[in-house]
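In: need a structure here:
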Amino acid sequence: MLLHKLIPHHSTPNLTDNIRWSIDLRYQKTGTPTDRVRYPAFITRSRSQPGAKYTDYEEWYQRWLEALKQAPLSTHPVRENPLNEHLTVSVD
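Out: Residues are numbered from 1 along each chain as shown. A predicted model of the protein is given here:
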């Protein structure tokens, strides 16, 4: 599903015992600021820089762990669980 950033949207409550996963991927023209300076950006495809795209998951994962360690806890991604207890990403 693709939505314009100005379209109001949300999911329905998850009433199952299963985890519902979602991924928020945002397209940016290569070189355009993401407005998320603390978190690593990555190139998935580039005609002008074909060698710049990310193909190594472990490198991407390590960059995210390092970014989360350096970012203030208040800026970490937060999700709510069904009991309304906040869960945050933990990096030890």
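
In: Confirm that Lys69 lies within a helix, as I assumed.
Out: Yes: the assignment for Lys69 (DSSP: H, G, I helix; E, B strand; the rest coil) places it in a helix.

In: Would you state the helices of the protein in chain order?
Out: 57-70 (DSSP state H).

In: Of all residues in it, which one is nearest the centre?
Out: Asp24 (5.8 Å; CA atoms, centre = their mean).

In: From Leu2, how far off is that residue?
Out: With distances taken as CB to CB, to the nearest Å, Asp24 is found 12 Å from Leu2. To be clear about C-beta, it is placed using only N, CA and C from the backbone, and glycine gets the same treatment.

In: Asn14 touches Trp21, doesn't it?
Out: No: contact criterion CB atoms under 8 Å: Asn14 and Trp21 do not qualify, at 10.4 Å.

In: Those two: which has the busier surroundings?
Out: Using other CB atoms under 10 Å as the criterion, Asn14 and Trp21 rank with Asn14 on top: 11 against 5.

In: For this protein, give me the ranges with low pLDDT.
Out: 75-92 (pLDDT under 70).

In: farthest residue from the center of it?
Out: Ser48 (24.8 Å).

In: With adjacent residues omitted, what lies nearest to it?
Out: Thr30 (7.5 Å; CB to CB, 6 or more residues apart in numbering).

In: Pull the number of nearby residues for the one you found.
Out: 14.
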